[in-house]
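Q: requesting a structural model of the entry that follows:
(one chain, ligands or ions: 1)
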Amino acid sequence: MEQFFKRILVLEACGAIATHLWLKRSEPSSLFLVCSVLSLVPFFPFFVFSPSLASPISGMFLSYLVYSVTLATSVVAYRISSFHPLSKHPGPLICKITKLWSVWVALKGDTHLYHKRLHDKYGPTVRIGPNELSTVDKDLIPFVLGSQGMPKGQLWDGRRFDQPKNGNEYNSLIDVRDLQIHAQLRKAWNKAFAPSSMRDYEEILVPRVAQLGDHLAHACKNGNDHVVHVDLAKWISFFSFDFMGDIAFGGCFELMRDGDKEGMWKNMESGLYLPSITQHVPWIAVVLRSLPFFGSGMQALTRFGVFHAKRRAALELKKKDLFYYLLEASNTSSTSVEEQLPIIVGNAILTIVAGSDTTASVMSSIICYLLCHPDVYERLRDELDHAFPYLDADGVPVIEPEKLSSLNLLNAVINETLRLLPAVPTSLQRAPARGSGGQMLGTSFFIPEGTGIQVPPYVLHRDPRYFSPDPDAFIPDRWLTPSKDGKDSQVPEFLTMRDAFIPFSSGPANCAGKSLALTEMRTVIALLLKRFDLGFESKGSLEVERAKWESQMKDRFVFAKGKLPIWLKERRL
Ligand code: HEM
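A: Below you'll find the model as predicted:
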């Protein structure tokens, strides 16, 4: 009998090693297959020899135990061994062993800080998972994200909470993992955000910005001494949500007017949390996706999207919005609009998710940094007063968006904020195409298929090799090249490497809405500074205020921001 036991245990150990060879080099993505293998492989030897065993129950228990322990040992030993293809890249032991450690870090929203510490300790390329690297070597950016780069990585399988429809593997442009399909879908977006289309969006933007100003001015009139105390971050979020609703669905939100009555803003904010965890272990997303109560916020957003997409499709608008271009692209396709509705809705929702929290967090950070640096605040206000000296009939400053892109200090302030707190701080991940076997990164090193590699802007932008001196300090002047009249050349001694500045990512899957985002941010900041005096609510030191704001930033793929309590008063112009 002992002989049968020995045979079973040897077979279990062999089965475990065979399973490991199968699982090797990739995180599992089909949960059904993995569960079937993990339950059937250990059962087989037991089943064959069980008639000869006196105690089949303890035999079965022992079989599964030996199988599991051997499998775990084999996986761990391989991952930390020199046989692993990523073995030459340094990193903490725990990261080499399991991605569950990344889940723990992500739960706290500290991934950006953790990756910064890892790069400070281990250097430009770090192993952040058993099959994942992080690099802040700027020369590798073209081979990861750029024109010679790779498709999106497995992270996107873990961020997908809606089951893709019509046989697709994606829900919207951003989670497409195939370069050709991505290029095909991207055409409509490139057309939608071409310079010729921007004028239509400006016509939508200007009244929305004026509405933000009027709401705040109205609140000031009702305040003591015409001063109002507000959480400016919330007002900016409401504004950007309303504006993205205009762009995506021809107008569907009125948060500035009515507040978040339908809970959509709340749904979107809470919807960011779960994918930022599951992106580290895609198979968990597959499990959670099947549970009805998970991702309910995003499901509500999808229902909302379907409703408004149908409503918008029936509207004849004079101005072309993004929806117009998405619909136009579907009309030229061979499949019917009905069949394409899921992807049109997915893309419209993507606009709201990708376009509102990102700009809102950056605009709020800009205001915070300006309040922490009164000298920059004053200089910027001078620049704006000089550029926009006129008032309309109601005494409100007139701001012409077309002039904003030439304001040097304004653009330097925006760049410096995007450098220190890029809206997408870490997760710019790519991976070799499926079936490719792997890819050489220039002449540097080879990464095998199944390996993800990210470039974290938060870490890259604070690297003293690219931005110095004081890479952690807010110094907009580092972006000002000496002008001819010498006006903006106070500090010409900065090293500012623009090819290491990637707040909008880089290459064919870079931010589709970059030009719109910049126009929006310039217009809102110009309005707030021109029309109002602003100050921090609390009387703490400026360093403390800055530290408080930065510590509230949580890495949920995009930065989730905290509150920005300030006082505000309308300026006498
Ligand atoms: C400050 C504002 C913004 C920042 C910093 C930002 C940043 C980014 C980044 C870093 C990515 C690339 C992710 C990757 O490489 O994996 C991205 C993608 C994208 N962004 Fe933005 N974004 C901003 C605003 C916007 C706005 C306003 C829109 C739309 C109106 C938008 C639409 C998109 C879309 C559609 C993608 C996916 C592009 C693709 O996969 O081809 N973004 N954004």
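
Q: and the residue of the chain nearest the ligand?
A: Residue of the chain nearest the ligand, by C-beta to the nearest ligand atom: Gly513 (2.3 Å). Quick note: C-beta positions are derived from backbone N, CA and C, even for glycine.

Q: nearest residue to that residue other than its sequence neighbours?
A: Gly355 (5.3 Å; C-beta to C-beta, 6 or more residues apart in numbering).

Q: what sits against the one you found?
A: By C-beta atoms under 8 Å, 6 or more residues apart in numbering, Gly355 lies in contact with Ser240, Met244, Ile247, Ala248, Gly513, Leu516, Ala517.

Q: one more: Val227?
A: Applying C-beta under 8 Å, 6+ apart, the residues near Val227 are Cys220, Trp567, Leu568, Lys569.

Q: which of those residues fall within helices?
A: Judged by DSSP state H, those include Cys220 as members of helices.

Q: and the two most separated of the contacts of Val227?
A: The largest separation in these, counting by C-beta to C-beta, is between Cys220 and Trp567 at 9.6 Å.

Q: which neighbours do those two share?
A: Val227, Val228.

Q: on that earlier part again, what's the spacing between the residue nearest to Gly513 and Ser237?
A: Gly355 sits at a distance of 12 Å from Ser237 (criterion: C-beta to C-beta, to the nearest Å).

Q: same thing with Ser39?
A: For Ser39, the distance to Ser237 - C-beta to C-beta - is 47 Å.

Q: who has more neighbours, the two?
A: Taking neighbours as other C-beta atoms under 10 Å, Ser39 and Ser237 compare with Ser237 leading, 25 against 10.

Q: report the contact partners of the more buried one.
A: Leu255, Trp265, Ser356, Asp357, Ala360, Ser364.

Q: which bits of the stretch 151-300 of the chain sit near the ligand?
A: Residues of the stretch 151-300 of the chain found near the ligand (C-beta under 6 Å from any ligand atom) are Leu173, Ile174, Arg186, Trp189, Ile247.

Q: please work out the average pLDDT along the host helix or strand of the fourth one.
A: Secondary structure here is read from DSSP states H and E; on that basis Trp189 sits in helix 179-192. In this model, helix 179-192 has a mean pLDDT of 93.

Q: that one packs against which elements?
A: Judged by 3 or more C-beta pairs under 8 Å, 6 or more residues apart in numbering; DSSP states H and E, the packing partners of helix 179-192 are helix 322-331, helix 337-372.

Q: what about the closest residue in space to Ser506 that isn't next to it in sequence, neighbour count?
A: Leaving aside its sequence neighbours, Ser506 sits nearest to Leu145 (C-beta to C-beta, 6+ apart; 4.4 Å). Other residues lying near Leu145 total 23 when counted by other C-beta under 10 Å.

Q: contacts only, for Leu145.
A: Leu145 neighbours (C-beta under 8 Å, 6+ apart): Leu428, Arg430, Val455, Ile502, Ser505, Ser506, Gly507, Ala509, Asn510.

Q: out of the residues you listed, which touch the ligand?
A: Leu428, Ser505, Ala509, Asn510.

Q: make sure the second one is actually in contact with Val424.
A: Yes: at 7.2 Å, Ser505 and Val424 qualify as touching, with contact defined as C-beta atoms under 8 Å.
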